[in-house]
Structures are given as structure tokens and as C-alpha cells.
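Visitor: Give me a model of this one.
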Amino acid sequence: MINLEKEIREQPETLKRAAEINLPVIRDIVKEAKEKKIHHIYFAARGTSDHACIYAQYLFGIFAGIPCTLGTPSVFTKYGAHVDLSDMLVIGVSQSGKAEDVLAVIESAKKDGAVTVALTNNENSPLAENAKYHLFCGCGHEASIAATKTFTSQMMILGTLCAVWAGNDALLDELQKAHLAVDSLLNRHSDEIRNLAKKCAAIDGAVILGRGISYCIALEGALKMLETNKIKMKGYPISDFHHGPIAQLKKGDVVFVLSPEGKSEDDSEEICRKLHGVGADIIFVTDKASIAPENTTVVELPATGSEFTFPYTAAVFFQYLACCMCLEKGIDPDLAGVINKITITK
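Guide: Okay, here's the model as predicted:
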């Protein structure tokens, strides 16, 4: 079994463990943040890690009323500017913990007296050693070039941080059960995804659309597909796709629409009407098949409890689809090509 598939299949266990091993530190972070009356979170991340932060950005806004900023590390490194982060919780997210620009944000925040947190899969990394608190993915070594188990673990840890901050036991319980749906997806739906991969193997590109809590997976799904299959992919929020990007589509183009049961159903229905109008080939990814519009290819994922944990099964769906497409095309997704496992940006 190739590393990519092996690591995809480890996720039910890594998701279960991620929340368990970090809860004590999470409670300490929340305690200090509330004592200091912190009302703003600043994330510093790149790539896949940035997508995990977008997931957290939505959760914190919805459940805790906390505004979150997706940081601009280049402001610190390339422009040498100082951004006052003194009254914020500053979270640096990096699988390797070696991202120099993310580290620069944490170091600047420390000087400002901010509460600093590192979220990494490396306990001995520069980021982990420089932040006051360390949240640990605990995934074990991730050999595949494409990040899989580290991404979903990051989402789980940040989601758990939000649930504890908001005092929302229902959300916490839902998060802690998400691994069960992921396990079901991998064990009961593998054949369905492999069959879809056969149909998608010939495409040279596609777009993925999501709204609200699913937007992060539109971005992450596109990244997984393009970096493994070497095809042109892009993720968009449904709300923005109406305003120009839909013009790129022609008859027969493939569009994935992410649509969990919940607040964004009407947006998915509306965009599908427009996509039908241009003759697009729609793959509708949902946790409730009955909400799917007619004339779409429906992928029904195992229910996780609500739209707020749908991103876990959706992320793994795209990971496994990308993996299966590689196998169909004879591509080894574990070979680096032009991509490095650890990318150091400054």
C-alpha cells in the first residue's frame, strides 16, 4: 500500500487521539485567554494549515463570537513591519513546525506579550519550542507528500479549542465522534469512490464549490487533487463563484458542489441551477442524498451529526478520490516531483 493511502486510512485513529491528548493544554489556553479577556485570534499558517485555520475561523465566529484573522506572515518577514498583537491569542500552525515566516509571527507576538500557541506534528520543532503552549497533532510520521492526517488532526484540535472556549458540550461531543463517520467512509464507501475515480481520471481540471463551513474543504480538496494528479483545480466559495468565476465554465466541465444538510442548502441549489444552465457536469457531495438536485452525480457521505463536522468526511473523501485517481492514471503520489514535503517560506 502506498504511503498516501496508508496515511489516509490512519485518520479514524489519529482523529480520535488528537482531541484526547490535547484537552488538558486546551483548557489551560482557554483559561488564560479568558482571564486576559482576549477577544481576537490571529492565525499564522500556509497551505493546508491555512485551510484548517479557515475551518476554525468559521467555528469561532459561529459558536464563540470570536473574530479570527488569517495572518499575513510576509508583513513581518518581507516588509519588516510590526503588527501589534498584544491583545490577541496568536496561533501558529505548521505540520513540521519549521515554517520560518510563521515562527516570525510567533516571536513578534511574544515580544508584544500576546498569548502564543503552536500547533504542529513535531514536539521538538522551532515553533513548538518558541510558543508558550504547544498543541500536538500526534499523528506519527507523515511520509506522503500530500498532507492528510495532519490536516484533519489540525481541524480537530482547533475545533476542540473552539468547543471548550464556547463551553459547548454538544459540539465537543460531536467532534469526538467524527472519527466514526470517517471510519465508515473508508470501510464502507471505498468501492464507490474508486468507481468515481475511474470516471474522473480523464479530466484535466475541475472546480470545487463550498459555502460557509464547507469552504475550507473546497480549498483543501482542490489542493489535494492538483498536487497529486497534476491537474488544474481551484476551490471557490459559492457566494463568490456567482460574481465572475462561473464565466470560465463550458459544457462538460466538472464541478464538485459541497452541500451538507444545513444553512447552505439553498446556496447549493441555486448554484446548481446556474451550473445546469452552462451544461456543467455536477458531482454533488452531501451527507443527505435527498437534498441533491436532479441531474447530478450524488456522493452521499456518512452523517457526522451536523454540517460543522461534515468537513472531516468531505476532506477524507477528496483525499481518497485523489489517491484513487492517481492509481488509475499510473501516478505515484508519493514521489515529490516539484513539491517538497516540508516547504520553508520566509
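
Visitor: all helices of this structure, in order?
Guide: Remark: helices assigned in the chain by DSSP state H are 3-9, 11-35, 47-59, 73-77, 100-112, 126-130, 149-166, 169-176, 178-188, 190-200, 215-229, 238-241, 265-277, 310-329.

Visitor: mind checking which of these is nearest residue 143?
Guide: When those are compared by Cβ to Cβ, helix 3-9 sits nearest residue 143, at 4.4 Å. No exception for glycine: its C-beta is placed from N, CA and C like everyone else's.

Visitor: neighbouring contacts of that closest one?
Guide: For helix 3-9, contacts defined as Cβ atoms under 8 Å, 6 or more residues apart in numbering pick out 142-146, 148-149, 186, 228, 316, 319-320, 323, 326, 333-334.

Visitor: Farthest pair within these?
Guide: Across these, no pair lies farther apart than 145 and 186, at 20.3 Å, counting by Cβ to Cβ.

Visitor: The two: who's more crowded?
Guide: Remark: of residue 145 and residue 186, residue 186 carries more neighbours, 22 against 18, as counted by other Cβ atoms under 10 Å.

Visitor: The nearest residue to that one once chain neighbours are set aside and residue 179: what is the separation?
Guide: Using Cβ to Cβ, 6 or more residues apart in numbering and skipping residues adjacent in sequence, the residue nearest residue 186 is residue 9, 5.7 Å away. Computed as Cβ to Cβ, to the nearest Å, the residue 9 to residue 179 distance reads 12 Å.

Visitor: coming back round to it: could the helices of the chain be laid out in JSON lines, adding mean pLDDT?
Guide: What follows is the helices of the chain, written out as JSON lines (pLDDT from 0 to 100):
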{"stretch": "helix 3-9", "mean pLDDT": "96"}
{"stretch": "helix 11-35", "mean pLDDT": "97"}
{"stretch": "helix 47-59", "mean pLDDT": "97"}
{"stretch": "helix 73-77", "mean pLDDT": "95"}
{"stretch": "helix 100-112", "mean pLDDT": "97"}
{"stretch": "helix 126-130", "mean pLDDT": "97"}
{"stretch": "helix 149-166", "mean pLDDT": "98"}
{"stretch": "helix 169-176", "mean pLDDT": "98"}
{"stretch": "helix 178-188", "mean pLDDT": "97"}
{"stretch": "helix 190-200", "mean pLDDT": "97"}
{"stretch": "helix 215-229", "mean pLDDT": "97"}
{"stretch": "helix 238-241", "mean pLDDT": "96"}
{"stretch": "helix 265-277", "mean pLDDT": "96"}
{"stretch": "helix 310-329", "mean pLDDT": "97"}
